[in-house]
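Visitor: can you look at this prediction? I've put the sequence above it.
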Amino acid sequence: MDTTATPHRQVGIFSILSGSVYVGMCNKIGTPQQVASRRDIVDIWELLGNQRDVGRSMMSGSMREGFRLHDSDVDTMIWLTNHRVIWDFSQSEYYNIHRQVLILCDSSESPAGFTLLWLPLERADNIVLSSCVRMNGGLYLSSSKYRDHTCTTITPDSRVHGPCSSGTNGPLEYDNAYCFVSDFWPPSAASWIDRCHSWPPPHVVNDIVRNGCHFVAIGHKLGNNEGNEWRISFSQAEYKLVYSMNHTQFLTYGLLKLFLKEIINTGFRREEDKLLCSYHMKTAVFWAIQQNTLPHWCPQNLLAGFWVCFKLLLKWVYEGICPNFFIPENNMFLSKIHGQAQASLFRRLYGLYEKGIAMLLHSPSIRSSIIDVLCNPRLTVCTDEHTLISEAEFDMKLFVEIDRNDALYRTDQQYCMKILHIIEQLLESPLSQYQVVSLQKHTATILQCTAFTLHKYTNTGVNKQMHIADKMSCHMLKLAAKFGFVSDMLYIVIYYYKTLRYREALSVIEMTKVKLVQPYLMHEGHVDRVRYTEAVGGQSWSTKMRQAGARDIKLHNELCYISELLPEQQSSRQNSWHALYIPPFVLLHMLEFLCSRHVDTVRAKTALDDLQALVHHDQVLYIGDICRDISWEILGICQQMAGNLQAALYSFLQSLRQFPFNKIQNATTQRIYDLHTPT
């Protein structure tokens with residue numbers, strides 16, 4: 001089959017079309033700095049999060065690579081740190097076999113890219129031993145058994161999906177792959193090292209090889225031991241390769257992902273009918289870059305790069321061979337794309353090929369970028385990053401990313417101290433500007449968790465101990481407020497209310513109010529861009545976060561913050577959710593009501609009126625859709641405390657009608673029942 005033809009377009013307009021699509025893809029997928037910030041923030045989160053002795057985790061897939069597409073799920077690989085896979089017995093000398101469980105690869109009977117895992121010493125953790133089978137006189141780790149055991153015991157609400165346990169965590173879908181790790185590069189992938197002449201650069205190759213590989217729990221469908229085999233996974237190597245791409249190459253990969261979703265796979269209802277997947281697209285980009293098919297990957301060549309990759313995919317489908325990038329002998333089409341299915345897919349792709357680049361007009365994400373140029377061939381397209389996104393828009397998405405990856409809350413004080421020590425060390429090392437501001441927020445969160453944990457463990461001690469602990473908690477919360485968002489001041493208010501210092505709490509509420517009502521405040525996805533830029537434009541992200549940023553408040557379900565919300569926290573925790581997410585404006589009015597009840601009943605009534613007006617009339621400006629359940633709940637709680645039982649009932653019923661993001665329905669139902677039960 002001849003696929004050497006290029007789309008019939010003049011070079012000039014083709015270059016302009018590429019530039020226009022580049023701009024459209026930057027708006028859809030992210031500018032170079034946006035993608036860099038996402039990666040830096042995730043890298044820091046992972047470094048800090050992997051400080052436990054028992055296990056490690058690694059985000060993988062499109063989220064790790066820097067994509068934030070609407071339907072992206074969160075892929076995570078999780079493994080035991082005291083189990084290591086080796087390729088031959090000579091590698092055992094690098095381990096203390098009394099502390100490490102060694103697992104030996106046996107690839108003698110497995111297809112390329114797959115292996116059996118043998119426990120020669122027949123010693124391992126219980127979940128590993130319970131997943132073993134006897135084969136040829138040895139004890140082998142069964143991938144299907146391990147997958148089923150981890151799915152049912154670690155994430156019982158999940159389902160098996162490929163090698164993963166899949167489920168939903170709030171609005172996000174997740175795929176957790178419980179796997180094993182090897183510190184050594186697979187011998188079967190040795191040829192990949194020799195292939196890397198032009199790309200990736202030597203330091204990336206060395207880093208990839210030095211970090212070895214993983215083994216995920218799925219066998220080859222055509223192998224002799226499908227239920228027991230493990231697939232060699234290069235997920236860590238892959239995200240490092242994607243990191244090493246320039247932005248045009250990354251957007252080419254993104255364009256292929258959109259092309260797959262919006263054109264190739266459109267019309268297929270069943271997942272099994274979608275023969276091509278995102279991994280095939282990534283593989284095509286890897287091969288195209290390494291083979292130096294396109295000498296210069298730049299915005300004006302974006303569509304040329306896409307076309308190179310598309311022709312490579314077409315060739316693979318025609319031949320029925322898709323070579324794995326690391327182990328080319330592993331044909332990734334072998335079990336799915338053959339016979340009639342292969343012929344049908346080729347006809348579909350060749351029909352698109354005959355249309356040339358015009359086929360992208362079928363993509364809702366790309367269409368307008370092409371039509372703009374076709375309607376105005378003299379259009380001048382500027383691909384400079386600073387013209388693609390405003391400062392306020394960039395900051396908004398940066399703060400969302402920081403908040404999304406702010407999940408290092410723990411009730412273990414030793415762990416918290418360890419994290420703070422690591423942060424202290426990191427601040428002395430070279431860091432990107434995104435990593436610095438991310439560490440700033442992590443520090444605030446750890447200080448807050450430590451303060452409330454300290455109070456939890458010392459409020460039953462002797463007076464002197466309690467006094468010292470109280471001073472430390474107050475100091476940590478005030479310090480956290482200097483590091484974090486404007487809304488982090490509310491943790492001080494919570495602590496003062498918890499320790500019966502109502503007037504001090506009200507004083508901090510007044511200061512917080514002043515900051516939260518500023519016209520330039522950036523809260524979640526809302527900001528007056530002009531006023532924001534006038535107020536803090538050009539300043540550091542550290543300053544912007546402290547002076548103009550607000551996020552929803554997280555009350556982690558392992559800690560008690562406000563006793564009135566304990567039933568909600570218990571309900572949320574029973575439903576496997578980690579925290580309550582409360583809009584800062586709702587929490588501020590609640591705390592003002594709770595504190596004022598003890599010192600100023602008139603102010604308490606005003607605070608309740610303000611809370612009611614906010615919850616009843618907000619147009620998703622101060623209360624996001626996902627927080628409406630807890631917002632109505634809080635209003636109902638305050639109304640019940642004020643004696644307005646009819647209004648409280650209405651609020652609780654409204655809470656049940658909202659999207660159950662915080663998973664508080666059990667508490668709400670109980671509160672409704674209590675309202676109807678005579679005391």
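Guide: Structure received. Numbers count the residues shown, from 1 in each chain.
Visitor: how near is Phe333 to Ala341?
Guide: Distance check for Phe333 against Ala341: by Cβ to Cβ, to the nearest Å, it reads 10 Å. Backbone N, C-alpha and C define where each C-beta goes, glycine included.
Visitor: neighbour count for the two, which is higher?
Guide: Phe333 (20 against 13; other Cβ atoms under 10 Å).
Visitor: the more buried one sits in which helix or strand?
Guide: Using DSSP states H and E, Phe333 sits within no helix or strand.
Visitor: for the helix or strand harbouring His421, buried residues please.
Guide: His421 belongs to helix 413-426 when assigned by DSSP H and E. Within helix 413-426, the residues that count as buried by 16 or more other Cβ atoms under 10 Å are Tyr415, Cys416, Lys418, Ile419, Leu420, Ile423, Leu426.
Visitor: contacting residues around the last one?
Guide: By Cβ atoms under 8 Å, 6 or more residues apart in numbering, the contact set of Leu426 is Ile44, Leu47, Gln435, Leu439.
Visitor: in CSV, list those along with neighbour count.
Guide: As requested, the contacts of Leu426 are exported to CSV (neighbours: other Cβ atoms under 10 Å):
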residue, neighbour count
Ile44, 24
Leu47, 14
Gln435, 20
Leu439, 22
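Visitor: helices - which of these land there?
Guide: Ile44, Leu47, Gln435, Leu439 (DSSP state H).
Visitor: how far away is Asp618 from Ile389?
Guide: Using Cβ to Cβ, Asp618 is found at 28 Å from Ile389.
Visitor: same question for Cys26.
Guide: Cys26 is 8 Å from Ile389, by Cβ to Cβ.
Visitor: so which of those two has more stuff around it?
Guide: Using other Cβ under 10 Å as the criterion, Cys26 and Ile389 rank with Cys26 on top: 21 against 18.
Visitor: what residues sit buried inside the host helix or strand of the more buried one?
Guide: Here Cys26 sits within helix 11-29, counting by DSSP H and E. The neighbour-count check on helix 11-29 (16+ other Cβ under 10 Å) flags 14-26, 28-29 as buried.
Visitor: which parts of the stretch 501-650 of the chain are helices?
Guide: Under the criterion DSSP state H, counting those that start in this stretch, the stretch 501-650 of the chain contains helices at 502-516, 529-536, 541-548, 566-574, 584-599, 601-617, 628-641, 645-657.
Visitor: relative orientation of the fourth one and helix 628-641 in degrees?
Guide: Right, helix 566-574. If you take axes from the mean of the first three to the mean of the last three Cα atoms, to 10 degrees, helix 566-574 sits at 150 degrees to helix 628-641.
Visitor: again, but for the last one
Guide: With the same axes, to 10 degrees defining the directions, helix 645-657 sits at 170 degrees from helix 628-641.
Visitor: for helix 645-657, packing partners?
Guide: Judged by 3 or more Cβ pairs under 8 Å, 6 or more residues apart in numbering; DSSP states H and E, helix 645-657 is in contact with helix 628-641, helix 665-676.
Visitor: pick the most deeply packed of the ones you listed.
Guide: Among the helices and strands packed on helix 645-657, ranked by average contacts under mean count of other Cβ atoms under 10 Å, first place goes to helix 628-641 (a mean of 24).
Visitor: ok so, going back, packing partners of the helix holding Cys26?
Guide: For helix 11-29, the packing partners by 3+ Cβ pairs under 8 Å, 6+ apart come out as helix 247-259, helix 302-319, helix 367-375.
Visitor: dump that helix to CSV, restricted to CA.
Guide: As requested, the backbone C-alpha atoms of helix 11-29 are provided in CSV (Å, rounded to 0.1, in the frame of the first residue of the first chain):
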residue,chain,number,x,y,z
VAL,A,11,2.3,25.0,1.4
GLY,A,12,1.4,28.5,2.4
ILE,A,13,-2.2,27.9,3.4
PHE,A,14,-1.2,24.5,4.9
SER,A,15,1.2,26.4,7.2
ILE,A,16,-1.5,28.9,8.2
LEU,A,17,-4.0,26.1,8.8
SER,A,18,-1.4,24.4,11.0
GLY,A,19,-0.9,27.6,13.0
SER,A,20,-4.6,28.1,13.4
VAL,A,21,-5.0,24.5,14.6
TYR,A,22,-2.0,25.0,17.0
VAL,A,23,-3.8,28.0,18.6
GLY,A,24,-7.0,26.0,18.8
MET,A,25,-5.3,23.1,20.4
CYS,A,26,-3.5,25.4,22.9
ASN,A,27,-6.9,26.7,23.9
LYS,A,28,-8.3,23.1,24.1
ILE,A,29,-5.4,21.3,25.6
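Visitor: need the helix or strand of this structure with the lowest average pLDDT.
Guide: Confidence across the helices and strands of the chain bottoms out at strand 164-169, with a mean of 87, counting by mean pLDDT, DSSP states H and E.
Visitor: so which residues make contact with stretch 145-161?
Guide: With Cβ under 8 Å, 6+ apart as the test, stretch 145-161 has contacts from 127-128, 130-133, 163, 165-167, 175-176, 178, 217-218, 227, 576.
Visitor: just the buried ones from those?
Guide: Val128, Ser131, Cys132, Pro163, Ser165, Ser166, Gly167, Asp175, Asn176, Tyr178, Ala217, Ile218.
Visitor: wait, the last one sits on Tyr178?
Guide: To tie it back to what came earlier, the one meant is Ile218. No: using Cβ atoms under 8 Å, Ile218 is not in contact with Tyr178; the gap is 11.5 Å.
Visitor: and the lengthiest strand in the chain, which strands flank it?
Guide: As assigned by DSSP state E, the longest strand anywhere in the chain is strand 172-182. Using DSSP bridges, strand 172-182 pairs in its sheet with strand 74-80 (parallel), strand 164-169 (antiparallel), strand 213-216 (antiparallel).
Visitor: okay if I get those as TSV plus distance to Ala237?
Guide: Formatted as TSV, the strands paired with strand 172-182 follow (distance: least, Cβ to Cβ, whole Å):
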stretch	distance to Ala237
strand 74-80	12
strand 164-169	19
strand 213-216	7
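Visitor: what's the closest of those strands to Val517?
Guide: With respect to Val517, and counting by Cβ to Cβ, the nearest of the strands paired with strand 172-182 is strand 164-169 at 33.3 Å.
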